[in-house]
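K.L.:
curious how this folds, go ahead:
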Amino acid sequence: MEYTEAKQTFVKKWGDFAVSWGTSKSLGQIHALLLIANKPMCADEIMNILKVSRGSVNMNLRTLMDWNLIHKQHVNENRKEFFEAEKDIWKVFCCIVTHRKKKELDPMIEVLGQMEQVEASCSESKEFVKTIKDLQLFSTKADTALANIIKSEPNFLISAYLKMLS
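P.N.:
Residues are numbered from 1 along each chain as shown. Got it, this is the predicted structure:
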């Protein structure tokens, strides 16, 4: 496979993955394009390469900046805004985990906390309370594990993972 074909395939597939991860295809494609770019890119370049609208590019660039996956980069003697992706894959992973945790796990923990006040007064409510407590226990352990992963160094996680496999 030649570079041009591999690049197009990567950008397309990263966009497809993004949809299964719960984001838009164009967000994934923009991230992929910036991730493999050897220089910062402006919105016009991204629009031309991906054949997407200015509005879509601008909205997705803002989202990627909110996630800390891309950053504005100053290019000498040019008034346009340029963008560059975070290239450290460990940092990319941590940014995505942090965002997903805030969006999905934290709200679930909050809702489960609101359910703590339910009294187990009959067999149905006892089962409900038991299930809620089990979900809370699992959720708080997942929250702690994710927090530890985010705080850890990449080498620590890799060595711990290899120990688990052996």
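
K.L.:
which residues touch stretch 102-122?
P.N.:
Residues outside stretch 102-122 that contact it (Cβ atoms under 8 Å, 6 or more residues apart in numbering) are 125-126, 128-130, 132, 135-136, 139-140, 142-143, 146. The C-beta positions use only the backbone N, C-alpha and C, and glycine is treated the same way.

K.L.:
now the residue nearest to Val19 when sequence neighbours are not counted: how far from Asp16?
P.N.:
Closest residue to Val19 apart from its sequence neighbours, by Cβ to Cβ, 6 or more residues apart in numbering: Lys25 at 5.2 Å. Lys25 sits 7 Å away from Asp16, going by Cβ to Cβ, to the nearest Å.

K.L.:
neighbour count winner among the two?
P.N.:
Applying other Cβ atoms under 10 Å to Lys25 and Asp16 shows that Lys25 carries more neighbours, namely 17 against 13.

K.L.:
how many neighbours does Val111 have?
P.N.:
Neighbours of Val111 (other Cβ under 10 Å): 12.

K.L.:
go on, Asn78?
P.N.:
Asn78 has 10 nearby residues by other Cβ under 10 Å.

K.L.:
help me confirm that it is found in a strand?
P.N.:
No: assigned with DSSP: H, G, I helix; E, B strand; the rest coil, Asn78 falls outside any strand and is coil.

K.L.:
mind listing what it touches?
P.N.:
Asn78 touches Cys42, counting by Cβ under 8 Å, 6+ apart.

K.L.:
that one and Ala37: what is the separation?
P.N.:
16 Å.

K.L.:
Val52: which element?
P.N.:
Remark: Val52 resides in no helix or strand, with elements defined by DSSP states H and E.
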